[in-house]
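Enquirer: I'll drop the sequence and a predicted model, then ask my questions.
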Amino acid sequence: MKLTFYGAAGEVTGSKTLIEAGSRRILLDCGLIQGEGSDLRNRAPWAFDPKSLDAVIVTHAHLDHIGLLPRLVKDGYTGPVFTTEPTREISRFMWEDEAKVRDEDTEAGIEPLFDQEDIDTTYSLLRSSKYGESVRVVPGFDITFRDAGHVLGSAFVEMRVGGLTLVGSGDIGNDHVPILRDTEPMTKADAVILESTYGNRTHDGSEAGREDLLRQALIQTAERKAVLMIPAFSLERTQEILYELNGLVEGGAVPKMSVFLDSPLATSLLPIFKSHPECYDEQAKILRAMGDDFFSFPGLKITHNYRNSLAIDKVKSPKVIIAGSGMMSGGRIMRHLGRYLQDANNLLLVIGFQGQGTIGRQIVDGAESVMIDEHMVPVRAEVRQIESFSAHGDRDKLLRWLKSSGQAPGQVWLNHGEPEAAEALAQGIREGGEIEQVTVAAEGVTYEAAGE
């Protein structure tokens, strides 16, 4: 079996791994590259012929894993796309939201990456299965999705061909996050493709610590009569924040204030979250059985259109604004940053990974000002990070999960991480002494996966 990494090698976004088994060609994920200079790279010619692929396997519905699928179809791919049912349902909303963001390309006379017709065609190719169900992708190539605990419907995928078992991790979830079950133990495998987003870091604190840090930020926002901005990914992070706020507000642990969910995509995804309780952890199932809608609480206001978004400015502080994008690289959060980031009384709560080249990364790295809508905006608001809200497992989690089958794989390739993170994780795996071959994947390089 041959593996070639055409994305997420030496970087966090753009996951695309070509798997060649005999005459069969399977693509694992087909994601957008995000960050500075990404548009040209997303428009570059394919490194392989889309028409030559027999199948595509998708681990979850974040755009850096599914965002280029409609372009793949536009450029000639007509085969099946295998994933879980929640991922299938979420994907359409993610693609349509991305297409809306790129409407300005059309207005500027630039051909969009894909359009609604491409989205509709791609959606018709999606084939879903349940966790734990064995699925025949092509003759001699079977897969099983296992719960990755990263976002709703996320999976790591067990691939079996010719006596060899390859596991593709997709993104491995953090421990003890709200709503979702923890990551399943890894399958016994000959070879593993493992993400390394937080390969050089451990998260700050436990589940209780995460809730307490959020509670403190809310209390201080009320005391200061300030604005608390929470940039959040529309898929999972926003829903987790609502879940945590539900408990804090209904439990009387924080002062009353207006909380605005200013994210059309996150709002559109709420019904899908509510329709898949089979993915919930025990606590979420108990709350649901008690009739608690943990995505709603007193003081929550959902903006259904742009006029509602603009009206947030007229509401007196204290107030909380939850909006995308999570990396502060676009979306409605940008307007709020432009208005409130320059006030030292306000707070900016960073709860997700910030990729290279994004405004979020600049702010986290201590930039004194950032460019928003062609204007330099001073960064005077207090900036705090709560990394334990991340949907990605940290270094310790990844090392534990890699051993969780009870049998170490013979080969591991690390992708989906910046170089320093991937190298640090590789060193940690090597120090364990159980795995013979650990490789940080390089863009466009072909590797050989071998069984016993």
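Expert: That came through fine.
Enquirer: M376 looks like it's in a strand, true?
Expert: Yes: if the criterion is DSSP: H, G, I helix; E, B strand; the rest coil, then M376 is within a strand.
Enquirer: what helices or strands is the host helix or strand of M371 leaning on?
Expert: Secondary structure assignment for M371, by DSSP states H and E: strand 369-372. Judged by 3 or more C-beta pairs under 8 Å, 6 or more residues apart in numbering; DSSP states H and E, the packing partners of strand 369-372 are helix 333-340, helix 359-364, strand 375-378. Bear in mind the C-beta positions are built from the backbone N, C-alpha and C, glycine included.
Enquirer: take those and lay them out in TSV including mean pLDDT, mean neighbour count and distance to K397.
Expert: Output for the helices and strands packed on strand 369-372, formatted as TSV (pLDDT from 0 to 100; neighbours: other C-beta atoms under 10 Å; distance: least, C-beta to C-beta, whole Å):
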stretch	mean pLDDT	mean neighbour count	distance to K397
helix 333-340	96	22	28
helix 359-364	94	21	21
strand 375-378	96	12	35
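Enquirer: what's the closest of the ones you listed to A442?
Expert: Minimum separation from A442 across these (C-beta to C-beta) falls at helix 359-364, 22.8 Å.
Enquirer: so what does the closest one touch, helix or strand wise?
Expert: strand 347-350, strand 369-372, strand 382-385.
Enquirer: dihedrals phi and psi, A323?
Expert: phi -150, psi 160 (degrees, to the nearest 10).
Enquirer: is it true that it touches D262?
Expert: Yes: with contact defined as C-beta atoms under 8 Å, A323 counts as touching D262 (4.1 Å).
Enquirer: ok, these two, which is more surrounded?
Expert: Ranked by neighbour count (other C-beta atoms under 10 Å), A323 and D262 place A323 first, with 28 against 22.
Enquirer: where do the helices sit along the stretch 251-400 of the chain?
Expert: Taking DSSP state H, counting those that start in this stretch, the helices of the stretch 251-400 of the chain run over residues 264-274, 282-289, 306-311, 333-340, 359-364, 395-402.
Enquirer: buried ones in the longest one, by neighbour count?
Expert: Buried residues in helix 264-274, defined by neighbour count with 16 or more other C-beta atoms under 10 Å: P264, L265, A266, T267, S268, L269, L270, I272, F273.
Enquirer: give me the element I435 is part of.
Expert: I435 belongs to no helix or strand when assigned by DSSP H and E.
Enquirer: which helix or strand in the chain has the lowest average pLDDT?
Expert: Here the helix or strand of the chain ranked lowest by mean pLDDT, DSSP states H and E is helix 103-107, holding a mean of 65.
Enquirer: burial count for the residue nearest to T197 when sequence neighbours are not counted?
Expert: Distance criterion C-beta to C-beta, 6 or more residues apart in numbering; nearest residue to T197, sequence neighbours excluded, is H392 at 4.5 Å. Number of residues near H392 (other C-beta under 10 Å) recorded here: 24.
Enquirer: likewise K256?
Expert: Other residues within reach of K256, judged by other C-beta under 10 Å, total 11.
Enquirer: same check, this time on Y198
Expert: By other C-beta under 10 Å, neighbour count at Y198 equals 25.
Enquirer: need the contact list for the closest residue to it other than its chain neighbours.
Expert: Take Y198 and drop its neighbours on the chain: the residue closest to it by C-beta to C-beta, 6+ apart is D394, 4.4 Å away. Neighbouring residues of D394 by C-beta atoms under 8 Å, 6 or more residues apart in numbering: N174, Y198, R201, T202, H203, E387.
Enquirer: just give the nearest non-adjacent residue to the residue nearest the centre of the chain, would you?
Expert: Closest residue to the average C-alpha location of the chain: H62 at 4.7 Å, with C-alpha atoms, centre = their mean. Distances taken as C-beta to C-beta, 6+ apart put L235 closest to H62, at 6.2 Å, once the chain neighbours are dropped.
Enquirer: same check, this time on S309
Expert: Closest residue to S309 apart from its sequence neighbours, by C-beta to C-beta, 6+ apart: T303 at 4.7 Å.
Enquirer: show me what contacts the one you found?
Expert: By C-beta under 8 Å, 6+ apart, the contact set of T303 is F260, L261, D262, P264, S309, A311, I312.
Enquirer: how about the backbone phi and psi for the third one?
Expert: Recorded main-chain torsions at D262 are phi -110, psi 60, according to degrees, to the nearest 10.
Enquirer: any idea how far it is from G338?
Expert: 14 Å (C-beta to C-beta, to the nearest Å).
Enquirer: circling back to that earlier point, and the helices and strands packed on strand 369-372: which comes nearest S23?
Expert: helix 359-364 (42.3 Å).
Enquirer: got the domain boundaries for this protein?
Expert: Following automatic domain parsing, one finds the domains of the chain at 2-201+391-448, 207-389.
Enquirer: beta partners for I372?
Expert: H375 (DSSP bridges).
Enquirer: re the thing from before, turn the helices and strands packed on strand 369-372 into JSON lines, including distance to G162.
Expert: Shown next, in JSON lines, are those (distance: least, C-beta to C-beta, whole Å):
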{"stretch": "helix 333-340", "distance to G162": "48"}
{"stretch": "helix 359-364", "distance to G162": "42"}
{"stretch": "strand 375-378", "distance to G162": "56"}
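Enquirer: of all those, which one is nearest Q411?
Expert: Checking the helices and strands packed on strand 369-372 against Q411 by C-beta to C-beta gives helix 359-364 as the closest, at 31.7 Å.
Enquirer: could you export that closest one as CSV, CA atoms only?
Expert: Only the C-alpha atoms of helix 359-364 are listed here, as CSV (Å, rounded to 0.1, in the frame of the first residue of the first chain):
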residue,chain,number,x,y,z
ILE,A,359,-5.6,37.2,12.4
GLY,A,360,-6.3,35.0,15.3
ARG,A,361,-2.8,33.8,15.3
GLN,A,362,-1.4,37.3,15.1
ILE,A,363,-3.5,38.4,18.1
VAL,A,364,-2.5,35.3,20.2
